[in-house]
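*Asks:* Turn this into a structure:
(one chain, ligands or ions: 1)
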Amino acid sequence: MKGYLKGIHPMLKENITELQQHPTPFYLYNLDLLRQTLQKAQQEASKYDFHVHYALKANANSPVLDEVRAVGFGADCVSGNEVKAAIENGFAPEDVVFAGVGKSDEEINYALDQDIFCFNCESSHELEILNELAANKNKVAQIALRINPNVNANTHKYITTGLEENKFGINAWELESVLSLLQKLENIKLIGIHFHIGSQIQDLSVFKNLCTRVNEFQEWFLSHNIELEHINVGGGLGVDYYHPEQQPIPDFEAYFSLFNQFLELRPGQQVHFELGRALVAQCGTLVSKVLYIKKGVNTNFAILDAGMTELIRPALYQSYHKIENLTSSAEEVRYDVVGPICESSDCFGKAVMLPETNRGDLIAIRTAGAYGEVMASQYNLRKKAEAIYL
Ligand code: LLP
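*Replies:* Numbers count the residues shown, from 1 in each chain. Coordinates of the predicted model:
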């Protein structure tokens, strides 16, 4: 046993015998690491009285939400069902924010009934519809304008959201007309502005650029005699997919202190964050079994019983996830690690060095806690993989 588990997270190592009994594939969550991550984030955010709303889209499993709630974070939702999941899992409606370019009437009505804290609105048209639906209920909905700040997040193009070419948010040149529209909408109250420029952002200078833009927008609103109580800077902090052991907890200290340093706040203003990935990615692993080894022309294929149906990130964003063999200590050999789905993109990694791998070996695909299980599909009529919490 010694040696070959070196470098693999201790939780996997300690529980290997038990894990071998479970039907594969499954998602394995380390709640201890989750707790430590949440506590560190909470500790750093609270230094500056910042409010964190956990982005449920990253992982909405109840045991995960329980831990998030326990540290006092609110919820950031992008669908009616996420609002529902937040409320059913005990988040107070006054801690729930609701974003999304395409909120349906049904979703808006549900959120209005729950009296959530804030709708992050993404277009004039949405403002008009929200106003109408709120009026039908004799309510006044609190809103933040989601502004597209045209800041490049330097991340994968599919997870860049803050450029003018993206569908998200209201562009700067539309703000004047949005303000005159707002004056006519009596069932809407503007309480803040909202930004979210993208995800898996590792270069913190991107957030500094965001702060500069937020400060400029604040000036603009002040010049129109509008004082905003809430500034929501979204989420996006990235994690280290290459070294899940060395850096299991992202550098929340640097992240929050940057916003403290560069955001120019007016007295009484509250700052909100919507972190998803940074809080949950490292606590999750996709565990799979090797079904077959197949010799190719230039490579060997290790064919797993997990595929893009359980973790679509490599296929969709060409993203890297560290792959480890939990049960072999042999000499290293190069493999293309692939899934069973009938798509060539169903590949977790090319030319991956692994100890010589055999049928039945357990394979860990790391850093799968965020955007793993939530993006699972039943393509090829596959059944949903289980979640195990340790
Ligand atoms: N707030 C809003 C409005 C968002 O759209 C998102 C993510 C977040 C917060 C949370 O961002 P985070 O802190 O997790 O970066 N499926 C992709 C990621 C999509 C992110 C979508 N929006 C992936 O697997 O990389």
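
*Asks:* tell me the secondary structure for residue 119?
*Replies:* When classified by DSSP: H, G, I helix; E, B strand; the rest coil, residue 119 comes out as strand.

*Asks:* so what's it up against?
*Replies:* Residues near residue 119 by C-beta atoms under 8 Å, 6 or more residues apart in numbering: 97, 98, 99, 103, 108, 111, 130, 141, 142, 143, 144. For the C-beta atoms, the positions are set from N, CA and C on the backbone; glycine is no exception.

*Asks:* From those residues, pick out the ones that also neighbour the ligand.
*Replies:* Counting by C-beta under 6 Å from any ligand atom, residue 99 from those sit close to the ligand.

*Asks:* hmm, which of the contacts of residue 119 are the buried ones?
*Replies:* 97, 98, 99, 103, 108, 111, 130, 141, 142, 143, 144 (16 or more other C-beta atoms under 10 Å).

*Asks:* Surely the last one is in contact with residue 191?
*Replies:* It stands for residue 144. Yes: between residue 144 and residue 191 there is a contact at 6.3 Å, judged by C-beta atoms under 8 Å.

*Asks:* before we move on, back to that, now the contacts of residue 119 as TSV including pLDDT and secondary structure?
*Replies:* Converted to TSV, the contacts of residue 119 look like this (pLDDT from 0 to 100; DSSP: H, G, I helix; E, B strand; the rest coil):
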residue	pLDDT	secondary structure
97	98	strand
98	98	strand
99	96	coil
103	97	coil
108	98	helix
111	98	helix
130	98	helix
141	98	strand
142	98	strand
143	98	strand
144	98	strand
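
*Asks:* Residues of the stretch 101-250 of the chain that sit close to the ligand?
*Replies:* Residues of the stretch 101-250 of the chain lying close to the ligand by C-beta under 6 Å from any ligand atom are 159, 196, 199, 200, 234, 235, 236, 237.

*Asks:* Select from these the one having the most neighbours.
*Replies:* residue 236 (30 neighbours; other C-beta atoms under 10 Å).

*Asks:* residues contacting that residue?
*Replies:* Residue 236 touches 153, 155, 196, 197, 198, 199, 200, 201, 207, 275, counting by C-beta under 8 Å, 6+ apart.

*Asks:* Quick check: buried residues in the longest helix belonging to the chain?
*Replies:* Longest helix in the chain, counting residues (DSSP state H): helix 205-223. Of all the residues in helix 205-223, those buried under the rule 16+ other C-beta under 10 Å are 206, 207, 209, 210, 211, 213, 214, 217, 218, 220, 221.

*Asks:* Neighbours of the residue nearest to the fifth one when sequence neighbours are not counted, how many?
*Replies:* Excluding its sequence neighbours, the residue lying closest to residue 211 (C-beta to C-beta, 6 or more residues apart in numbering) is residue 262, at 3.6 Å. Other residues within reach of residue 262 by the criterion other C-beta under 10 Å amount to 15.

*Asks:* repeat for residue 125
*Replies:* There are 10 residues near residue 125, going by other C-beta under 10 Å.

*Asks:* Could you measure from it over to the ligand?
*Replies:* Distance of residue 125 to the ligand, given as C-beta to the nearest ligand atom, to the nearest Å: 18 Å.

*Asks:* isn't there a strand covering that residue?
*Replies:* No: counting by three-state DSSP, residue 125 is not part of a strand but helix.

*Asks:* So in that sheet, which strands flank the top strand by length along the chain, and in what orientation?
*Replies:* For the chain, the strand with the greatest residue count under DSSP state E is strand 284-295. Here strand 284-295 is paired, per DSSP bridges, with strand 26-29 (antiparallel), strand 300-304 (antiparallel), strand 362-365 (antiparallel).

*Asks:* and of those, who's closest to residue 279?
*Replies:* Nearest of the strands paired with strand 284-295 to residue 279, taken as C-beta to C-beta: strand 26-29 at 12.5 Å.

*Asks:* What residues does the closest residue to the ligand within the stretch 1-150 of the chain make contact with?
*Replies:* Using C-beta to the nearest ligand atom, residue 55 is the residue of the stretch 1-150 of the chain that sits closest to the ligand, at 3.6 Å. Residue 55 sits next to 76, 78, 235, 274, 275, 276, 277 when contact means C-beta under 8 Å, 6+ apart.
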